[in-house]
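[1] Give me a model of this one.
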Amino acid sequence: MGGYSYTVLLRVLAYAGAAGLASQLVGMGGRVDGWIKEWNLGPPDARVLLLAVANLFQAAGPSAARDHFAFLGKYLATFQVTPLRDPAARHCPLAVSKRLSAESPRG
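    Prediction:
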């Protein structure tokens, strides 16, 4: 696993989101897949990282919505080999559905 790099990145992402600095880090999104491979992250750790990055893009505002949903999709993809008995796997599609319906234009 990525050891300190993984832990530090998660803390930086959390801090950036809480401090309103998310837009300063959105450029790092393209490197996440490489880090997952380089650090040999297993599905549970990859999920944590992917969800943290998705949350960062959400905090960055509407201009980052496409990336937010892309990382939510990557997060969901990690559950393909996980039975839906896992509470997180059952909750995530509902959360994505609610988010999509909340952002859809009202006519």
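[2] For the rest of this, base every contact and every neighbour count on C-alpha atoms.
    OK.
[3] you'd agree Leu72 is up against Ala54?
    Yes: contact criterion C-alpha atoms under 8 Å: Leu72 and Ala54 qualify, at 5.8 Å.
[4] Comparing those two, which residue is more hemmed in?
    Between Leu72 and Ala54, counting by other C-alpha atoms under 10 Å, Ala54 is the more crowded of the two (26 against 22).
[5] Contacts only, for Leu50.
    By C-alpha atoms under 8 Å, 6 or more residues apart in numbering, Leu50 lies in contact with 32, 71-72, 74-75.
[6] now it: how far from Ala65?
    Counting by C-alpha to C-alpha, to the nearest Å, the gap from Leu50 to Ala65 is 15 Å.
[7] Can you give me the neighbour number for His68?
    Quick note: His68 (other C-alpha under 10 Å) scores 24 neighbours.
[8] Against which helices or strands is whichever strand or helix holds it packed?
    His68 belongs to helix 65-77 when elements are defined using DSSP states H and E. Identification of packing neighbours for helix 65-77 by 3 or more C-alpha pairs under 8 Å, 6 or more residues apart in numbering; DSSP states H and E yields helix 43-59, helix 87-103.
[9] which ones are touching Gln58?
    Gln58 sits next to 64-65, 68 when contact means C-alpha under 8 Å, 6+ apart.
[10] try 6 Å this time
    Residues in contact with Gln58 (C-alpha atoms under 6 Å, 6 or more residues apart in numbering) are His68.
[11] picking that back up, need the least confident one among the helices and strands packed on helix 65-77, by mean pLDDT.
    Averaged per stretch, pLDDT over those is lowest on helix 87-103, reaching a mean of 66.
[12] Just the terminal-to-terminal distance for stretch 27-35.
    Start-to-end, stretch 27-35 (C-alpha to C-alpha) is 14 Å.
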